[in-house]
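Visitor: Turn this into a model:
(one chain, ligands or ions: 2)
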Amino acid sequence: MDELKYLKLLSKQFPNIPAVSTEIINLKAILNLPKSTEHFLTDLHGEYEAFQYMLKTASGVIEYKINNIFDKELDDIEKRDLATLIFYPEEKMEKIKKEEGLSEEWYKDSLNKIIKLCKEVSSIYTRSKVRKALPEEFAYIIEELLHLREDDENKKDYHQQITSTIIEIGQAQNFIISLSELIQTFAVDKLHIIGDIYDRGPNPHKIMDVLKNHHNVDIQWGNHDILWMGAGLGHKPLIATAIRIAVRYGNLEMIEEGYGINMRPLARLAMENYKGDICNIFCPKLLDKDLDEKERRISTQMQKAIAIIQFKLEGNLIKRRAEFNMNEALYLEKIDYDKGILYLNGNEYELTDKNFPTIDPDDPYKLSPQEEEVINQLSESFKNNDKLQEDIRFLFNNGSMYKKYNGNLLFHGCVPLNEDDDFACVDVGGHRAKGKELLDFFQDIIRKSYSDTNGDKDQRDWLWYLWRGEYSPLFGKDRMTTFLRYFTDEDDKSLYKENKNPYYAARENEFTCKKILSEFGVDPEKGHIINGHTPVEEKRGESPIKGNGRLLVIDGGISAAYQKKTGIAGYTLAYTHSEMRLISHEPFISKEEALSKRSHDTVSSIRIMKFDGKQKIADTDNGARLQDDVKYLNKLFEAYEKGIIREKYK
Ligand SMILES: O=P(O)(O)OC[C@H]1O[C@](O)(COP(=O)(O)O)[C@@H](O)[C@@H]1O
Ligand SMILES: [Mn+2]
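Guide: Ligands and ions are numbered 1, 2, ... in the order given. Predicted coordinates:
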């Protein structure tokens, strides 16, 4: 569009010089506000309670601010009481009501403290941004309270009167709840989730509900997210995999109750075919829950049943997708079912379990009629499940393979490299792609797979490839040895080794990190790559900071399954106007424990970098857009002054 035409369009919104001038003043002022805080989390793996706590506490930022603001005024216990009131307002007030009662004095004191904290955390935003975040019903009053100055003698009574009236009309509890939510909203302006919301933990569906309602979140897909996105689209190998992992970690409830998907047909098939299986390698890996004998037995049978279905479906897929180059995983045709021996790469392996009642040795990948019926029913259930469809739509619409944001490059797994640490050139759908182009190709495939309802259905096979393919940027290992770990038990553990793509070693050096940043058009001197996917084994001395600070891996094991490895319970990366800081979390025990604890959370953190001076909105991506707006507003101003465009007044 030519410039004059664009300016005329702009003049509809700013019809005259006063209107343009006001907007220029407004935008220039915003550009000088401090950059707002971003938090980065990854590999939540269904740990809803721990995730909720990180949001409610802003990963420790709220206690940190309470310490600063009420430094001398409150002792440690009073500070913690205020903090837990903000984290869990309803539960805390319930507790106080039971223990000592909620007096007018307590309400007045609590409201004043919370308003003071709310003022502080909202001070870096414009009034309009604050106003947009206010709850409709209390917007006017809260705005008044937030903009009253402590030292404003003229309005002291006015302020006191507002809080007294709030108490008198019985709205104190609602105000405390609303203000607490505002504090959590203002404390972290932008949340990045760098993948793996699903699998292993009990409540990914609850995490999805939080994300769908979050004020400002983006997602970089992890392999486990793609798994569920493909399952939601009805892709049978992915559905079988998603169910297998859920049963494996004792999370049947998530499927049956969280999503309301009927698992009885699978349970029936399992009991009829594997009644002899009591508790073996298919016994669920229960991280912190115990199942009774009967539950354990049916879960064992169901995990085996769905695993066999998965391996059959994967066999068919691998055969129809030669370009995936995954013949190594065609196990079922390499078994002597009479002897119970697996013949692989010239070796013989005794199977730990020789009982395959549903496999026809002459056609091992063919589903039995009952298996066919069960996987078809499950596919329909997944595709027609409203909540699951809503959740995966959110992931498709708010997620991406990678994201460039405020000078950083975010992606879950890797950018595949070859042995000489160059970008691996991968044959994808008939052409070869590498580096950024490869991730863009997958991004495009994923978008298309969501929308092509009746097109190339097995386009969705690529989602399966992204879940476990060697050159999947979300997986980045040469194979997935699930079958071998189920059915063999060799002393030589190399059989089970999943060799990581060279990226994971190469990212230790700065040169590679800078090369990747440049490949994606991010400043290699200032930008950071931020990854998840591989738990940082701090316990063994591994550092989350790699490439001389150019790359951060922030999977600290929020997932209970990984805490043994990492020794901590996850990281939060915080990027504020003054610094980048990596926060390490202690394991989250429970809401009750958090509520009754009288000391502040032990949150250790290390500063990754300190900016000289405060970073401003002008230094951010949003700032670049605003500066571009100012440039055109100035041109419009000039066009009015020179009479090229006529001003309009009402
Ligand atoms: O122990 P399980 O449940 O088989 O999971 C192990 C599998 O999970 C993976 O680690 C992938 O999951 P992550 O992305 O969470 O690491 C595979 O590499 C591995 O085969
Ligand atoms: Mn992962």
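Visitor: so residue 131 sits right up against residue 140, yeah?
Guide: No. In this structure, residue 131 is not within contact of residue 140 by Cβ atoms under 8 Å, at 9.5 Å. Any C-beta I mention is one placed from the backbone N, CA and C, and that applies to glycine too.
Visitor: For residue 590, which non-adjacent residue is closest in space?
Guide: residue 49 (7.1 Å; Cβ to Cβ, 6 or more residues apart in numbering).
Visitor: show me the contacts for the residue in the stretch 551-650 of the chain that ligand 2 sits nearest to.
Guide: Of all residues in the stretch 551-650 of the chain, residue 555 sits closest to ligand 2, at 7.7 Å by Cβ to the ion. Residue 555 makes contact with 42-43, 196, 531-536, 562, 566, 570-571, according to Cβ atoms under 8 Å, 6 or more residues apart in numbering.
Visitor: ok, it to residue 513 distance?
Guide: Look at residue 555 and residue 513: by Cβ to Cβ, to the nearest Å, they are 17 Å apart.
Visitor: what's the answer for residue 144, then?
Guide: Distance from residue 144 to residue 513, counting by Cβ to Cβ: 49 Å.
Visitor: Between these two, which is the more surrounded one?
Guide: Comparing residue 144 with residue 513 by other Cβ atoms under 10 Å, the one with more neighbours is residue 513, at 23 against 13.
Visitor: Kindly spell out which helices and strands sit in contact with the helix or strand hosting the more buried one.
Guide: Under the criterion of DSSP states H and E, residue 513 resides in helix 510-519. In terms of contacts (3 or more Cβ pairs under 8 Å, 6 or more residues apart in numbering; DSSP states H and E), helix 510-519 is packed against helix 435-451, strand 528-531.
Visitor: re the thing from before, in JSON lines, list the contacts of residue 555 along with secondary structure and pLDDT.
Guide: Below are the contacts of residue 555 laid out as JSON lines (DSSP: H, G, I helix; E, B strand; the rest coil; pLDDT from 0 to 100):
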{"residue": "42", "secondary structure": "coil", "pLDDT": "97"}
{"residue": "43", "secondary structure": "coil", "pLDDT": "97"}
{"residue": "196", "secondary structure": "coil", "pLDDT": "98"}
{"residue": "531", "secondary structure": "strand", "pLDDT": "98"}
{"residue": "532", "secondary structure": "coil", "pLDDT": "97"}
{"residue": "533", "secondary structure": "coil", "pLDDT": "97"}
{"residue": "534", "secondary structure": "coil", "pLDDT": "96"}
{"residue": "535", "secondary structure": "coil", "pLDDT": "95"}
{"residue": "536", "secondary structure": "coil", "pLDDT": "94"}
{"residue": "562", "secondary structure": "helix", "pLDDT": "83"}
{"residue": "566", "secondary structure": "helix", "pLDDT": "84"}
{"residue": "570", "secondary structure": "coil", "pLDDT": "92"}
{"residue": "571", "secondary structure": "strand", "pLDDT": "95"}
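Visitor: restrict those to contacts with ligand 1.
Guide: Restricting those to those touching ligand 1 (Cβ under 6 Å from any ligand atom) yields 196, 533.
Visitor: out of the contacts of residue 555, which touch ligand 2?
Guide: Contacts with ligand 2 within the contacts of residue 555, as defined by Cβ under 5 Å from the ion: 196, 533.
Visitor: what's the pLDDT at residue 453?
Guide: As predicted, residue 453 sits at a pLDDT of 57.
Visitor: any idea which helix or strand carries the residue of the stretch 251-400 of the chain found nearest ligand 1?
Guide: Nearest residue of the stretch 251-400 of the chain to ligand 1, counting by Cβ to the nearest ligand atom: residue 285, 6.8 Å away. Counting by DSSP H and E, there is no helix or strand that carries residue 285.
Visitor: Now do it: how many residues are near it, please.
Guide: With other Cβ under 10 Å as criterion, residue 285 counts 11.
Visitor: need the contact list for it.
Guide: With the criterion set at Cβ under 8 Å, 6+ apart, residue 285 makes contact with 248, 249, 250, 561.
Visitor: Among those residues, which one sits closest to ligand 1?
Guide: Nearest to ligand 1, judged by Cβ to the nearest ligand atom, of the contacts of residue 285 is residue 248 at 5.5 Å.
Visitor: Surely that closest one is in contact with residue 281?
Guide: No. Residue 248 is beyond contact range of residue 281, at 10.2 Å (criterion: Cβ under 8 Å).
Visitor: So for the two, which sits in the more crowded spot?
Guide: Comparing residue 248 with residue 281 by neighbour count (other Cβ under 10 Å), the higher total belongs to residue 248, at 21 against 16.
Visitor: what's the spacing between that one and residue 389?
Guide: Separation of residue 248 from residue 389 (Cβ to Cβ) stands at 24 Å.
Visitor: Please compute how far stretch 93-103 lies from its chain's middle.
Guide: Remark: stretch 93-103 is offset 36 Å from the chain centroid, using Cα atoms, centre = their mean, to the nearest Å.
Visitor: Could the C-alpha coordinates of that stretch be exported in CSV?
Guide: The C-alpha coordinates for stretch 93-103 follow below in CSV (Å, rounded to 0.1, in the frame of the first residue of the first chain):
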residue,chain,number,x,y,z
MET,A,93,-9.6,-16.5,55.1
GLU,A,94,-11.5,-19.7,55.8
LYS,A,95,-8.6,-20.9,58.1
ILE,A,96,-8.4,-17.5,59.9
LYS,A,97,-12.2,-17.5,60.3
LYS,A,98,-12.0,-20.9,62.1
GLU,A,99,-8.9,-20.1,64.2
GLU,A,100,-9.5,-16.5,65.4
GLY,A,101,-12.4,-15.1,63.4
LEU,A,102,-12.2,-12.3,60.7
SER,A,103,-12.5,-9.0,62.6
